Structure formats: C-alpha cells, structure tokens
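[1] only geometry, no sequence info:
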C-alpha cells in the first residue's frame with residue numbers, strides 16, 4: 001500500500017475536459033449573485049491587463065486599481081487576481097449588473113467569469129474535471145429537471161500531472177480505478193427506489209465504511225482495483241438487501257454530525273451565516289438548547305413533518321448530492337472518507353435549514369424552500385472562500401476519521 005504521494009509516482013492527466021450536463025442553454029442573466037460573495041477571481045495576464053485598461057479609461061475611483069493584484073512566486077512567475085471590495089466585485093454596479101458585461105459584452109469578461117458557473121474541481125487520469133455552482137439561479141433550477149446527469153467530455157491537450165493514487169483515509173491510499181468504482185457505486189445508490197435521499201446518503205456512508213473495514217480486516221495490503229471490484233461484487237448485493245432495514249437506527253446521524261461540526265467551528269460558522277433563517281439555525285444548535293426545548297422540537301418536527309414531506313422533493317436533493325459525488329475535489333482533497341462525512345455535513349445543514357424554517361414560522365415545505373436551502377449550503381459550505389473553518393486541521397482530521405463515521409452509524 002502506498003504511504004505517500006510524490007512527483008515520482010505522479011501520472012499524466014487525461015486528455016479530456018469532463019463536466020456534468022449541457023451548459024449551452026444557461027447564458028449569464030447578470031443577476032449579480034456570483035459577484036457579491038466575497039470571491040477572488042483568478043485571471044491570466046491578458047485578462048489582468050485588459051481590466052487595468054478598463055479602469056484607466058473609465059470613471060472608477062483611482063483606488064480601485066489596488067484590487068487588481070499581481071503576485072510573484074519564488075521562481076519569479078506571476079499570478080493575477082481581482083479581489084473583492086467589501087465583499088463585492090469592483091465592477092458590480094449598484095443595480096447588481098456587471099459593468100464589463102453590460103458595457104463591453106460578455107466576451108470582455110475574464111476567463112473565470114466567462115466560464116462560471118463552471119470551475120475546476122480536480123484532475124485525474126481521465127482528465128480535468130469541472131463542477132458547477134448552484135448559487136447561479138439557472139443551474140439551481142436545473143435540479144428540477146427529471147433528466148439524469150450526463151457527463152460531457154471534450155478533448156483537451158495538456159502536459160499536466162496528477163497524483164498516482166487517491167487518499168482513502170489516513171495513510172490508506174487506493175488507485176484511481178478503485179476511486180471511480182466507488183463513486184460509481186455511491187452514485188448507483190441514489191437510484192435505489194423507493195428509498196429517499198436521506199436514506200440513500202446514510203447507505204452511502206455505510207457502504208463506504210463497510211468497504212474500508214472489510215478491506216482492512218481481510219486484505220489490508222490490497223487496496224487495488226481488483227480487490228475493490230471483488231469486494232464490491234461479493235458484498236454490495238447482500239449489503240443493500242439488509243442495510244436499509246437498519247436505517248431507522250441511524251436517522252439521528254445527520255443531527256449528531258451537525259452538532260459535532262458546529263462545536264468544532266462555532267466561531268467560523270457564526271461569521272459565515274447571516275440572515276433570519278441562519279440565526280434560527282444558531283438557536284437550534286446552541287449547546288444548551290440541544291438538551292432542552294429545541295432538542296425535542298427538532299425531533300418532533302423531523303418525525304411528524306420533515307420525513308413525510310421529503311419524498312416529494314427527494315429527486316431534487318438526490319440530483320444535487322449526485323453532483324457532489326461527481327465533484328472529484330470533495331473526495332480527493334482530504335480523502336474519500338472526508339468526502340462522505342463532508343457530504344453528510346452539508347446535507348445535515350440543509351436539513352436544519354428547513355427544520356428551522358418550520359419550527360420558527362413556516363409550516364409548509366415547497367420547492368422554493370428546498371432550492372433556497374441548497375443555495376444556502378452551496379454558498380456557505382461548498383465554496384472555497386466559505387470553507388476556512390472546515391479546512392482547519394482540527395475539523396479536517398475529525399471529518400477524515402472513519403471512527404467518527406462508524407460512531408455516527410452505530411448511534
């Protein structure tokens with residue numbers, strides 16, 4: 001089993017760009033949502049110089065030039081970026097329209113802005129993987145389509161390298177073939193009927209950690225494609241036939257992981273979230289409230305309301321979670337186990353967002369509530385600038401631990 005990833009065992013990135021869905025029908029509507037989230041825009045030298053010229057030949061304040069920044073690494077190589085001003089892009093006007101798009105046309109925007117809502121998720125032997133942002137209203141509404149997610153690929157010449165293996169957990173690594181076998185298996189779970197999204201997500205965690213335990217106990221030195229496929233072939237069917245019977249025992253998993261994560265990143269969480277519903281979530285997660293009124297209220301609302309309403313909207317949630325499983329960055333950045341725990345964390349806050357709305361006022365769940373909750377999770381927990389708390393070593397180590405997962409699954 002490989003212990004480290006180094007340049008010596010890197011392998012070529014594949015010759016394709018891969019992304020989910022067809023984006024030709026999603027032109028920018030200039031809603032301003034992507035420009036008002038404290039994001040940094042990376043750019044190349046051509047974009048950087050064009051933006052400098054735009055500032056010089058317009059009525060923008062002189063100090064705005066300081067938000068266009070060039071940095072040099074130790075080798076003298078330059079990188080360029082546009083940083084936000086008080087959380088907003090300097091080119092976002094008071095009507096939330098982009099100055100560059102409106103005055104000069106979409107082709108004048110930086111490559112990053114033109115590509116949005118697509119961005120790079122990661123690299124693999126298959127190629128460069130792209131993901132899409134569900135903050136964009138057009139992409140968010142695409143979740144309403146009943147069509148299955150189809151991966152599109154286009155040829156792409158490159159000389160990039162990627163790690164030769166994928167971290168599974170701790171010092172355990174698996175091959176890329178094993179990684180893709182696992183993601184295919186997890187994606188398949190969300191097509192299991194008549195089970196809904198929450199049950200299938202819990203089953204995804206159970207399958208991952210049963211796989212991990214099984215390989216560790218029976219074939220500790222064989223984290224390779226053949227052993228993965230053999231284990232999945234031998235165990236998946238029997239596991240699926242019996243696993244769903246135990247789901248009722250695990251329904252507290254999402255609440256528990258919410259409380260653990262909140263305790264670890266309370267300060268960061270409070271900084272991240274704003275607005276009435278977010279304040280309600282803080283009230284629900286308050287340590288004293290957990291053991292008092294709101295603890296019972298969460299359980300009551302979940303049992304009597306949420307779980308009965310969920311099947312109506314399960315296809316929307318499942319499609320969103322499938323997109324996240326296809327997001328290679330989530331599962332390769334800190335390890336596959338971290339990815340599953342992180343996915344559970346995002347869903348748990350999605351669920352708490354809806355429960356908070358029910359407990360503190362609204363008594364009917366509709367499609368707009370579900371999309372609003374997904375947008376909230378996407379903005380606060382899946383975008384780079386909003387993940388500092390989750391990327392801290394303390395939180396990352398716990399979310400990367402199979403022990404946490406097994407504890408949650410046995411509650």
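    Received, thanks. Note that the structure is predicted; figures quoted are calculated from it, not measured.

[2] okay but residue 330 is in contact with residue 341, surely?
    No. Under the criterion of Cβ atoms under 8 Å, residue 330 makes no contact with residue 341, lying 10.4 Å away. No exception for glycine: its C-beta is placed from N, CA and C like everyone else's.

[3] neighbour count winner among the two?
    Per other Cβ atoms under 10 Å, whichever of residue 330 and residue 341 has more neighbours is residue 341, with 27 against 21.

[4] buried ones in the helix or strand containing that one, by neighbour count?
    Counting by DSSP states H and E, the element that carries residue 341 is helix 336-359. For helix 336-359, the neighbour count (16 or more other Cβ atoms under 10 Å) marks 336-359 as buried.

[5] likewise stretch 91-107?
    91-92, 98-101.

[6] can you pull out the strands in the stretch 101-250 of the chain?
    118-124, 127-132, 151-155, 161-162, 166-169, 172-174 (DSSP state E, counting those that start in this stretch).

[7] got the ones you listed as JSON lines, with distance to residue 84 and mean pLDDT columns?
    As requested, the strands of the stretch 101-250 of the chain are arranged in JSON lines below (distance: least, Cβ to Cβ, whole Å; pLDDT from 0 to 100):
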{"stretch": "strand 118-124", "distance to residue 84": "17", "mean pLDDT": "90"}
{"stretch": "strand 127-132", "distance to residue 84": "21", "mean pLDDT": "91"}
{"stretch": "strand 151-155", "distance to residue 84": "31", "mean pLDDT": "87"}
{"stretch": "strand 161-162", "distance to residue 84": "30", "mean pLDDT": "92"}
{"stretch": "strand 166-169", "distance to residue 84": "32", "mean pLDDT": "84"}
{"stretch": "strand 172-174", "distance to residue 84": "37", "mean pLDDT": "80"}
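
[8] format those strands as JSON lines; extra columns: mean neighbour count and distance to residue 46.
    Formatted as JSON lines, those follow (neighbours: other Cβ atoms under 10 Å; distance: least, Cβ to Cβ, whole Å):
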{"stretch": "strand 118-124", "mean neighbour count": "19", "distance to residue 46": "18"}
{"stretch": "strand 127-132", "mean neighbour count": "22", "distance to residue 46": "20"}
{"stretch": "strand 151-155", "mean neighbour count": "12", "distance to residue 46": "22"}
{"stretch": "strand 161-162", "mean neighbour count": "17", "distance to residue 46": "25"}
{"stretch": "strand 166-169", "mean neighbour count": "24", "distance to residue 46": "34"}
{"stretch": "strand 172-174", "mean neighbour count": "23", "distance to residue 46": "39"}
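
[9] adding distance to residue 83, write the ones you listed out as JSON lines.
    Shown next, in JSON lines, are the strands of the stretch 101-250 of the chain (distance: least, Cβ to Cβ, whole Å):
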{"stretch": "strand 118-124", "distance to residue 83": "17"}
{"stretch": "strand 127-132", "distance to residue 83": "22"}
{"stretch": "strand 151-155", "distance to residue 83": "31"}
{"stretch": "strand 161-162", "distance to residue 83": "29"}
{"stretch": "strand 166-169", "distance to residue 83": "31"}
{"stretch": "strand 172-174", "distance to residue 83": "36"}
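
[10] nearest to residue 317, of those strands?
    With Cβ to Cβ as the criterion, residue 317 lies closest to strand 127-132 of the strands of the stretch 101-250 of the chain, at 16.4 Å.

[11] next, the angle from that closest one to strand 151-155.
    On the basis of axes from the mean of the first three to the mean of the last three Cα atoms, to 10 degrees, strand 127-132 is oriented at 130 degrees to strand 151-155.

[12] quick one: contacts of strand 127-132?
    Applying Cβ atoms under 8 Å, 6 or more residues apart in numbering, the external contacts of strand 127-132 come out as 13-21, 23, 117-123, 139, 153, 156, 158, 160, 323, 326-329.

[13] what pairs with that strand, parallel or antiparallel?
    strand 16-20 (parallel), strand 118-124 (antiparallel) (DSSP bridges).

[14] need these in CSV (columns: distance to residue 58).
    Formatted as CSV, the strands paired with strand 127-132 follow (distance: least, Cβ to Cβ, whole Å):
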stretch, distance to residue 58
strand 16-20, 34
strand 118-124, 27
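
[15] quick one: closest of the ones you listed to residue 29.
    strand 118-124 (15.6 Å).
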